[in-house]
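[1] Sharing a model that was predicted from the sequence below.
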Amino acid sequence: MEDSEAGIPIETPPGAVKAWLDAGEAVALIDVREPFEHTLARIEGCELMPMNTVPACLEQLQQTAAGKLLVVYCHHGVRSLNVVSWLRAHGVANCTSMAGGIEAWSLEVDRKVGRY
């Protein structure tokens, strides 16, 4: 499923996110899990922004999305998909949810990232 305006898929597989990072693409990783989850497992370089704080951070996210693709992730990809849908409804088209969340990242990209 793609956002027809920006042509950016609403979900992106973890392997594609890793390829973007490795290639030095302008990507901002946004972790929308809770702080306790972030302490259990995280992707280096991400910004923790719990889902319930996203509305208050809309202006910051808009500014970041002006120069970088926002890659939003959570544990399994459900919360992040909701956040991306919300962001797009509020004018932030330059965003995608990492399919399968950090669980998929751990299984498919970096097994050193803990699972819980």
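    Now that the structure is in, tell me what you want to look at.

[2] The residue sitting nearest the centre point of the chain: helix or strand, and which one exactly?
    For the chain, the residue nearest the mean C-alpha position is residue 72 (1.3 Å; Cα atoms, centre = their mean). Assigned by DSSP states H and E, residue 72 belongs to strand 69-73.

[3] now for that strand, which elements pack on it?
    Other helices and strands packing on strand 69-73, by 3 or more Cβ pairs under 8 Å, 6 or more residues apart in numbering; DSSP states H and E, are helix 14-22, strand 27-31, helix 78-89, strand 95-98, helix 101-108. C-beta here means a position set from N, CA and C on the backbone, and glycine is covered the same way.

[4] which of those sits most buried?
    Burial among those, expressed as mean neighbours by mean count of other Cβ atoms under 10 Å, is greatest for strand 95-98, which shows a mean of 27.

[5] For that strand, give me every contacting residue.
    Residues from elsewhere that reach strand 95-98, judged by Cβ atoms under 8 Å, 6 or more residues apart in numbering: 8-14, 17, 61, 65, 69-73, 77, 80-81, 83-84, 87-88, 104-105.

[6] Please apply the same query to stretch 53-68.
    By Cβ under 8 Å, 6+ apart, stretch 53-68 touches 26-28, 30, 32, 49, 70, 83, 86-87, 90-95.

[7] Would you point out the most distant pair within those?
    Maximum pairwise distance among those (Cβ to Cβ): 22.1 Å, between 26 and 86.
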